[in-house]
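A.B. asks: Curious how this folds, go ahead:
(one chain, ligands or ions: 2)
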Amino acid sequence: MITLGIESSCDETGIALYQTGRGLLAHALHTQIAMHSEYGGVVPELASRDHVQRAIPLIRQVMQDANLTFEQLDAIAYTQGPGLGGALLVGASVANSLAFALDIPTIGIHHLEGHLLSPLLSDPAPEFPFVALLVSGGHTQLMRVDGVGRYELLGETVDDAAGEAFDKSAKLLGLGYPGGPALAKLATSGRPGLYKLPRPMLHSGNLDFSFSGLKTAVLTLVRQNELDEQTRADIAYATQEAIIDVLAHKARAALVKTGLSQLVVAGGVGANQMLRQRLSEDIGRRGGCVFYPDLEFCTDNGAMIAFAGALRLSEGQGTKDYRFNVKPRWNL
Ligand code: KG4
Ligand code: ZN
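C.D. replies: Ligands and ions are numbered 1, 2, ... in the order given. As a prediction, the model looks like this:
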């Protein structure tokens, strides 16, 4: 069965083809980062318009790359939410129109389900059950995953997401959008131990997170110090360390609480090399194992949507109704 996947929830148009039993056949991505960077963040209207421009050419491209005709498609999966309403509508419309023309089913996928199943695309892949640490620009959650659609929320952020903490701190340090990768890069020339930042809720006794106090603390440091290049790098180091410290601590606690040994890290912040190193050390030392999606599938992409769609379709889900709605806010 061949599933076309369409992701358009934010600032990336991601298209992919997944064949059940065979794997990923082709994938393509257009990122709008350059377009939004002059505004310092995603402009929703511009995002929607750009998805309209990109979706069809990218679909043509993956079909060509996989050497397929449209008649060979069996189903279409698209991101139904959460995300920007207008952006989601572009993917949903394209998916349902194309599926209507081809008389094949569609399935709407939860963006976070895409992220949390994405490490299953890698080799070696984790096996159910596992704990997923979902760390993106909009979400920070720990989830117990027993199978497709069998998710139990263990803890989540009570305010900002980890990616947001990276992005907002980066902005305070004068770095461009998206701030996460820029801050991580600057931190490589930072010196450890010079600035102490808070680790909110580290010892809260539950698996929840809080990151909004961190940006206030970073703001104070930025105001108190002469911001030469080395100082900015030192603050970036301390910021990254504080975020990672909390994530690693809570992820470990989630494994202890559930008695599971596999941790899956998903979402854009999962691309952070220092986070990967820290988690692998911490959890490896305790006999656990950490799985990451390939770097290109950490941030938003079509492959994770095609894959999650294929799994659900193989369980008989999907419809030929073609009436659709999107869910900008949607709990997993
Ligand atoms: O999953 P994603 O692509 O989009 C959402 O669904 O939000 O995540 C984007 C987030 C942004 O906040 C970005 O700054 C962060 O992931 N990010 C990183 C890194 N790469 C992306 N944060 C820290 N270090 C990175 N290397
Ligand atoms: Zn995402």
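
A.B. asks: any idea which helix is longest in the chain?
C.D. replies: Across the chain, the helix with the greatest residue count (assigned by DSSP state H) is helix 229-258.

A.B. asks: by contact count, what packs against whichever helix or strand comes after that one?
C.D. replies: Using DSSP states H and E, the helix or strand that follows helix 229-258 in sequence is strand 262-266. Judged by 3 or more Cβ pairs under 8 Å, 6 or more residues apart in numbering; DSSP states H and E, strand 262-266 is in contact with helix 111-117, strand 130-135, helix 229-258, helix 273-285, strand 289-291. C-beta: built from backbone N, CA, C; applies to glycine.

A.B. asks: any idea of the mean pLDDT in strand 262-266?
C.D. replies: In this model, strand 262-266 carries a mean pLDDT of 96.

A.B. asks: and that strand, which residues are buried?
C.D. replies: Buried residues in strand 262-266, counted by 16 or more other Cβ atoms under 10 Å: 262-266.

A.B. asks: Nearest to ligand 2 within the stretch 51-200 of the chain, name that residue for me.
C.D. replies: Closest approach between the stretch 51-200 of the chain and ligand 2, counting by Cβ to the ion: Ser136, at 4.3 Å.

A.B. asks: hmm, I was thinking of the stretch 201-332 of the chain
C.D. replies: Scanning the stretch 201-332 of the chain for proximity to ligand 2 using Cβ to the ion identifies Asp300 as nearest, at 4.4 Å.

A.B. asks: just checking, that residue touches Ala16?
C.D. replies: No: using Cβ atoms under 8 Å, Asp300 is not in contact with Ala16, being 11.6 Å away.

A.B. asks: So for these two, which sits in the more crowded spot?
C.D. replies: Between Asp300 and Ala16, counting by other Cβ atoms under 10 Å, Ala16 is the more crowded of the two (29 against 26).

A.B. asks: Now Thr79: which helix or strand?
C.D. replies: Applying DSSP H and E, one finds Thr79 within strand 75-81.

A.B. asks: helices or strands next to that strand in the packing?
C.D. replies: Strand 75-81 sits against strand 2-7, helix 85-102, strand 106-110, helix 111-117, helix 303-314, with contacts defined as 3+ Cβ pairs under 8 Å, 6+ apart.

A.B. asks: so can I have a markdown table of those showing mean pLDDT, distance to ligand 1 and mean neighbour count?
C.D. replies: Output for the helices and strands packed on strand 75-81, formatted as a markdown table (pLDDT from 0 to 100; distance: least, Cβ to the nearest ligand atom, whole Å; neighbours: other Cβ atoms under 10 Å):
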| stretch | mean pLDDT | distance to ligand 1 | mean neighbour count |
| --- | --- | --- | --- |
| strand 2-7 | 98 | 10 | 28 |
| helix 85-102 | 98 | 11 | 21 |
| strand 106-110 | 98 | 12 | 24 |
| helix 111-117 | 95 | 6 | 27 |
| helix 303-314 | 98 | 10 | 27 |
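
A.B. asks: Provide a list of residues in contact with the residue nearest to Met304 when sequence neighbours are not counted.
C.D. replies: Spatial nearest neighbour of Met304, excluding adjacent residues (Cβ to Cβ, 6 or more residues apart in numbering): Gly114 at 3.7 Å. When contacts are counted by Cβ atoms under 8 Å, 6 or more residues apart in numbering, Gly114 touches 7, 79, 304-305, 307-308.

A.B. asks: just Glu241 next, same as before
C.D. replies: Glu241 makes contact with 192, 197, 274, according to Cβ under 8 Å, 6+ apart.

A.B. asks: Check the spacing between it and Gly259 real quick.
C.D. replies: Noted for Glu241: a distance of 29 Å to Gly259, by Cβ to Cβ, to the nearest Å.

A.B. asks: repeat for Thr220
C.D. replies: Between Thr220 and Gly259 the distance is 40 Å, computed by Cβ to Cβ.

A.B. asks: Looking at the two, which is more packed in?
C.D. replies: Taking other Cβ under 10 Å, Thr220 and Gly259 do not tie; Thr220 has more neighbours (12 against 7).
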